[in-house]
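1. Got a predicted model here, sequence first, then my questions.
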Amino acid sequence: MMLGSCAQESSSALERIREEGVLRVVTRNSPSTYFQDRNGATGFEYELAQLFADELGVELQIETANDIEDIYVRLNRPGGPALAAAGLTLNGARADQVRFSVPYLESTTQVIYHRNQRRPTRPEDLLDKRILVLKGSSHAEQLAQLKTELPGLTFEESSEVEVVDLLRMVDEGQIDATLVESNELAMNQFYFSNVRAAFDLGEQNQLAWVLPPGEDTSLLEAANAFLARARQDGTLERLHERYYGHVDVLGYVGAYAFAQHLQQRLPRYEKVFRETGRKHGVDWRLLAAIGYQESRWEPEATSKTGVRGLMMLTLRTAKAMGVNDRLDPVQSIRGGGKYFVTVYESLPASIVEPDRTWFALAAYNIGGGHLEDARKLTAAEGLDPNKWLDVKKILPRLSQKQWYTKTRHGYARGGEPVHFVANIRRYHDILTWVTQPQMEGTRLVQGEMHSPGINPGEQQASLPPL
Ligand code: BLG
């Protein structure tokens with residue numbers, strides 16, 4: 001039976017989405033929301049929206065707005081997107097224009113300044129500062145509100161910039177201060193080493209999806225139910241861990257050192273990392289990240305336990321990998337790469353990507369036997385032994401007598417692989433970002449670092465690119 005136009009009009013927003021088979025979502029193009037990496041579209045907001053579309057059984061269609069104001073304009077336009085998933089904060093001032101879902105992430109607004117300037121500690125310290133924020137953002141509203149109490153406060157809004165631009169402008173001294181959300185700062189801190197958080201402005205914020213105004217609650221209810229379930233079944237926690245779980249591990253000092261070593265040391269070994277990665281079908285940047293974690297890319301490094309070389313091979317591992325001089329960086333990188341692939345392939349098939357890579361890194365550091373012990377303890381606890389998020393909670397027990405005496409392989413420094421994996425993920429993310437073609441011209445990127453990453457055609461099937 002053909003549906004007449006009357007039937008069309010009386011159907012709910014949710015029914016129409018299902019009939020059309022498309023969920024249209026508007027977002028922002030930024031590292032904390034939606035962007036393209038070597039494997040295609042990615043980002044916290046993108047993935048969450050994709051899961052919702054999957055649940056509805058429809059295709060996700062993403063559109064990007066020019067600025068935040070533009071998101072609200074699009075939502076209010078007839079025939080506009082069904083919702084906005086754009087890292088927007090629940091905002092009373094907009095409540096008459098749009099509807100908000102239940103929140104899915106908490107953040108705080110942070111005032112950002114240049115580390116060579118005197119640190120502002122309260123709103124009064126922002127008088128006489130050049131302040132720029134995103135046009136139409138909750139930050140612009142917060143400042144407008146502040147201005148009613150501090151009439152001398154001045155600030156500008158721009159629709160020509162994104163959060164990364166604001167941070168860069170503070171970093172380069174073009175502006176004195178800006179406001180960004182804590183999750184966005186955490187994600188971008190590394191790239192802007194002069195940038196610091198001065199103080200938190202206001203209470204905690206809640207990020208929510210935004211729907212057009214109207215009486216029809218069908219989509220809002222479906223979205224709220226989806227988000228509530230995502231919170232309950234660990235989906236939100238997993239996404240959070242994936243995108244934000246390893247962003248703070250470097251700290252200011254570590255970030256500065258890494259930026260230096262990226263320029264001064266990595267170029268000496270990049271070629272061998274690339275060759276080794278290609279040979280085994282592993283992203284060379286992951287091998288380089290292991291090397292940095294192990295030795296800061298210093299071929300003569302020695303750990304307290306006597307493990308040596310750029311990739312920190314034990315004597316036993318070196319022997320097994322055919323390495324006769326652990327201090328030779330070329331041999332060390334080749335041996336380390338081969339060992340990583342060996343442990344990766346020996347993991348049980350029940351561990352799938354992306355967790356499989358994190359487990360392989362943990363096994364590289366603590367050994368497959370101890371990792372297996374930790375997985376058994378994890379299962380005994382009613383947690384999932386195939387999820388890194390669960391196993392990393394349990395690993396530190398391997399150094400507590402009440403637990404390790406119950407395991408097959410006994411005592412191990414269980415906390416070490418947890419830091420090991422978190423650090424490597426962070427180094428890998430940064431390496432991925434700085435070796436993107438679009439980073440050309442950025443002062444972090446020099447010489448060989450300009451070249452794009454591994455060509456997907458060079459990857460083998462066994463190890464998916466990260
Ligand atoms: C790893 C070995 C594993 C071995 C484990 O130790 O070394 N990995 C490599 O050689 C690449 O093969 O597993 S086992 O063969 O199943 O026993 C466990 O013995 C190396 C680790 C040890 C660690 N670094 C690579 O991650 C290390 O040196 N830790 C000491 C740190 S500190 O100096 O005390 O702070």
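-> Right, received. Where do you want to start?

2. To what extent is the residue in the stretch 351-466 of the chain that the ligand sits nearest to buried, counted in neighbours?
-> The nearest approach of the stretch 351-466 of the chain to the ligand comes at Gly367, 2.5 Å away (C-beta to the nearest ligand atom). Where you see a C-beta, it was placed from the backbone N, CA and C, and this is true even at glycine. Burial of Gly367 is recorded as 17 neighbouring residues (other C-beta atoms under 10 Å).

3. correct me, but it touches Ala412?
-> Yes. Gly367 lies in contact with Ala412 (C-beta atoms under 8 Å); the separation is 7.4 Å.

4. Give me the most central residue, the protein.
-> Centroid-nearest residue in the chain: Tyr243, 2.5 Å away (criterion: C-alpha atoms, centre = their mean).

5. Can you list the helices and strands that the helix or strand where that residue lies packs against?
-> Assessed by DSSP states H and E, Tyr243 sits inside helix 235-244. When contacts are defined as 3 or more C-beta pairs under 8 Å, 6 or more residues apart in numbering; DSSP states H and E, helix 235-244 packs onto helix 44-56, strand 99-114, helix 182-188, helix 218-232, helix 388-394.

6. residues from the stretch 201-350 of the chain in reach of the ligand?
-> Counting by C-beta under 6 Å from any ligand atom, the stretch 201-350 of the chain comes close to the ligand at Glu294, Ser303, Lys304, Thr305, Val307, Met312, Leu313, Thr314, Arg316, Thr317, Tyr339.

7. Tell me which two of these sit farthest apart.
-> Largest separation among these by C-beta to C-beta: Lys304 and Tyr339, giving 20.4 Å.

8. quick revisit: which SSE is immediately downstream of the helix holding Tyr243?
-> Counting by DSSP H and E, the element after helix 235-244 in chain order, helix or strand, is helix 251-264.

9. pLDDT below threshold where in the stretch 151-300 of the chain?
-> Applying pLDDT under 70 to the stretch 151-300 of the chain picks out residues 245-249, 251-252.

10. residues in contact with the residue in it that the ligand sits nearest to?
-> In the stretch 151-300 of the chain, no residue comes nearer to the ligand than Glu294, which is 5.9 Å away by C-beta to the nearest ligand atom. Counting by C-beta atoms under 8 Å, 6 or more residues apart in numbering, Glu294 touches Ala301, Leu310, Met311, Met312, Gly336.

11. Pull the number of nearby residues for the fourth one.
-> Read it as Met312. Neighbour number of Met312 under other C-beta under 10 Å is 23.

12. Find the nearest non-adjacent residue to it, please.
-> Computed as C-beta to C-beta, 6 or more residues apart in numbering, the closest residue to Met312 that is not its neighbour in sequence is Glu294, at 3.9 Å.

13. who touches Ile27 in this structure?
-> Not Ile; residue 27 is Thr. By C-beta under 8 Å, 6+ apart, the residues touching Thr27 are 33-34, 43, 45-46, 49, 62-65, 84-86.

14. same thing but at 6 Å, please
-> Each residue near Thr27 by C-beta atoms under 6 Å, 6 or more residues apart in numbering is listed here: Thr33, Tyr34, Glu45, Ala85, Ala86.
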